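A.B. asks: need coordinates for the below:
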Amino acid sequence: MDISFIDETDNLSKDNLEEVENLLQFAADFLKITEDTEMSVTFMDNAGIQVINRDYRGKDAPTDVISFALEEEGEDELPIIFEEEDSAFPRNLGDIMISTERASEQASEYGHSFERELGFLAVHGFLHLNGYDHMEPDDEKEMFGLQKEILDAYGLKR
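C.D. replies: As a prediction, this is how the structure comes out:
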């Protein structure tokens, strides 16, 4: 899977970026995502993610992670679907935005490492890009169970 990273904070180490990439590649293999799939991950501060949250979700507050799934239809949108065997285009899952400030705050709150929180948020966003959600109790149980299974299998435990 091809993952583009943008670090608007310039605060992440090369090791942080490599670890998130390795974890997302592991999650892609876990979900049997094909190699010709692409996505992006942008790391930003609380102020940056607050603007996104306000403009796209109507919530004027910083959040930890936001996902924009390209395969998910919005209101009044037509689906863009290419037949896999006929398409010259790679599958694009969409974009994940992560607040590194919020990740740091939550790592302290939950008593685990920044790296664990960053990985958790990356997998959480990745699952959203792949159609998982937690709006209903059954969906939440499925998504959070899969999230824990991926993180545990990778070795990124609390």
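
A.B. asks: residue contacts, the residue positioned nearest the centre of the chain?
C.D. replies: Nearest to the mean C-alpha position of the chain, counting by C-alpha atoms, centre = their mean, stands residue 125 at 2.4 Å. With contact taken as C-beta atoms under 8 Å, 6 or more residues apart in numbering, residue 125 is in contact with 41, 65, 66, 67, 96, 97, 98. (C-beta placed from N, C-alpha, C; glycine too.)

A.B. asks: now for the helix or strand encompassing the fifth one, which elements pack on it?
C.D. replies: So that's residue 96. In this structure, residue 96 is located in strand 91-99 according to DSSP states H and E. Secondary-structure packing of strand 91-99 (3 or more C-beta pairs under 8 Å, 6 or more residues apart in numbering; DSSP states H and E): strand 37-44, helix 46-57, strand 65-69, helix 114-129.

A.B. asks: distance between it and the chain's centre?
C.D. replies: Put simply, strand 91-99 sits 6 Å off its chain's centre (C-alpha atoms, centre = their mean, to the nearest Å).
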